[in-house]
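**Q** A structural model of the following input is requested.
(one chain, ligands or ions: 1)
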Amino acid sequence: MPARAEIGITFPKPTCVAYAERVPNVRLRYFACRGRAEPIRHFLRDRAVVFEDAREPIADLRETLARLRDDPSRAAPFGLLPVLDWDDLRVTQTLPIASFVGRELGLHARLDSPALARLDAVASAAYSELTSVLPELTWAPLWYPEVPLERLVKRASRTPCGYPARFEQVLGDEHAWFGGAEPHVADFFVFEGLAAWCDVLGPPYAEAIARLPKLSAWWDRACARVVGDATRAVPFTASPHEADVFGRAREFVQAQGLTWLP
Ligand SMILES: N[C@@H](CCC(=O)N[C@@H](CS)C(=O)NCC(=O)O)C(=O)O
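**A** Just a heads-up that it's a prediction; the model follows:
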């Protein structure tokens, strides 16, 4: 058999060096609900990061909480979830985990300090004012059995009701993500916050989003982009009362309208 050169085959010189980037070992631990971790899950999936989506069962929350207490390594050092293990590093607290993941995936390198501060503020607003208030409602039958649920709905939803219009103001244009040309983790915090309140308050809240040109275009793109629990009827919180509370809230809003929606 002739040698390669003899039959006229030439091999081009390599123009670049191919190398494999080391893939980090990533585990995100949270409860088996959307809650605080879901925006981070969306973001990791969106960036095609392979990660262990460790979910603590919520069917018997007492037992799960006891296990977290008995085995501090699951939620150390603060005993709260979510926690992220990124190789040997443990990162805790939702918003710091979100920032860390953004940095590790190189998104921050493209943004200057003012842009990052603006994005941190968007994520924090959605997380603190929309997502983090949900347990006040879903656990209300246990925590405030004496308070009429309608009163709690009215009180807890005032701030979330103001947010579609506020997010509209900080979005660049109808083609933009909060992160600019591509979604940043802040986009997924806004998505989860608004999705939850659409579930709590029903059509009037969704219609408020639809009336805002930039936010509604963003919403349609975000709905198409998000995969996972948003399409699988996973609850937002660990409360067994969630479905009942949301149903009653929607009935109340349907009967009286969202009169406090700007
Ligand atoms: N400030 C924390 C709050 C985390 C938190 O409260 N997690 C709850 C679940 S949503 C938890 O782990 N609770 C367990 C417990 O209270 O023992 C964050 O933003 O991540």
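
**Q** Quick check: which ranges of the stretch 101-250 of the chain have low pLDDT?
**A** Residue ranges of the stretch 101-250 of the chain with pLDDT under 70: 228-231.

**Q** Would you map the helices across it?
**A** Taking DSSP state H, counting those that start in this stretch as the criterion, the stretch 101-250 of the chain contains helices spanning 113-125, 134-138, 140-143, 149-170, 185-201, 203-210, 213-225, 242-256.

**Q** Give me whichever of those is most buried.
**A** For the helices of the stretch 101-250 of the chain, average neighbour numbers computed from mean count of other Cβ atoms under 10 Å are highest in helix 185-201, which has a mean of 25. Every residue, glycine included, has its C-beta placed from N, CA and C.

**Q** Name the residue closest to the centre of this structure, please.
**A** For the chain, the residue whose C-alpha lies nearest the mean C-alpha position (Cα atoms, centre = their mean) is Pro39; its distance is 1.5 Å.

**Q** what about Leu44, how many neighbours?
**A** Neighbour count of Leu44, defined by other Cβ atoms under 10 Å: 22.

**Q** tell me which element it is part of?
**A** Assessed by DSSP states H and E, Leu44 sits inside helix 38-46.

**Q** quick one, that helix and helix 213-225 angle?
**A** 60 degrees (axes from the mean of the first three to the mean of the last three Cα atoms, to 10 degrees).

**Q** and the closest residue to the ligand within the stretch 151-262 of the chain, how far is that from Ala196?
**A** Nearest residue of the stretch 151-262 of the chain to the ligand, counting by Cβ to the nearest ligand atom: Ala238, 7.1 Å away. Distance from Ala238 to Ala196, counting by Cβ to Cβ, to the nearest Å: 14 Å.

**Q** again, but for Ala126
**A** 10 Å.

**Q** For the stretch 151-262 of the chain, what lies in contact range of the ligand?
**A** For the stretch 151-262 of the chain, no residue is in contact with the ligand (Cβ under 6 Å from any ligand atom).

**Q** which ones are touching the residue nearest to the residue nearest to the centre of the chain when sequence neighbours are not counted?
**A** Closest residue in space to Pro39, ignoring its immediate chain neighbours: Phe188 at 3.8 Å, by Cβ to Cβ, 6 or more residues apart in numbering. By Cβ atoms under 8 Å, 6 or more residues apart in numbering, the residues touching Phe188 are 38-40, 42-43, 46, 222, 226.

**Q** Equivalent analysis for Ala196, please.
**A** Ala196 sits next to 34, 130-131, 134, 236 when contact means Cβ under 8 Å, 6+ apart.

**Q** and the two most separated of these?
**A** The largest separation in the contacts of Ala196, counting by Cβ to Cβ, is between Arg34 and Leu130 at 12.2 Å.

**Q** Between these two, which contacts overlap?
**A** Between them, Arg34 and Leu130 share these contacting residues under Cβ under 8 Å, 6+ apart: 192, 196.

**Q** Give me the distance between the two termini of stretch 104-111.
**A** Counting by Cα to Cα, to the nearest Å, the length from the leading to the trailing residue of stretch 104-111 is 14 Å.

**Q** Flag every buried residue along that stretch.
**A** In terms of neighbour count (16 or more other Cβ atoms under 10 Å), stretch 104-111 has its buried residues at 104-105, 107-108, 111.

**Q** which phi and psi does Asp88 have?
**A** Taking degrees, to the nearest 10, you get phi -90, psi 0 for the backbone angles of Asp88.

**Q** What does the pLDDT read for it?
**A** In the predicted model, Asp88 carries a pLDDT score of 96.

**Q** Check the one 10 residues further on too.
**A** Listed pLDDT for Ala98 reads 98.

**Q** so what's it up against?
**A** For Ala98, counting by Cβ under 8 Å, 6+ apart, the contacting residues are 39-40, 43, 123, 185-186, 189.

**Q** let's see 6 Å
**A** In this structure, Ala98 makes contact with 40, 123, 185, judged by Cβ atoms under 6 Å, 6 or more residues apart in numbering.

**Q** Spatially nearest residue to it (excluding sequence neighbours)?
**A** Using Cβ to Cβ, 6+ apart, the closest residue to Ala98 is Val185 (4.5 Å).
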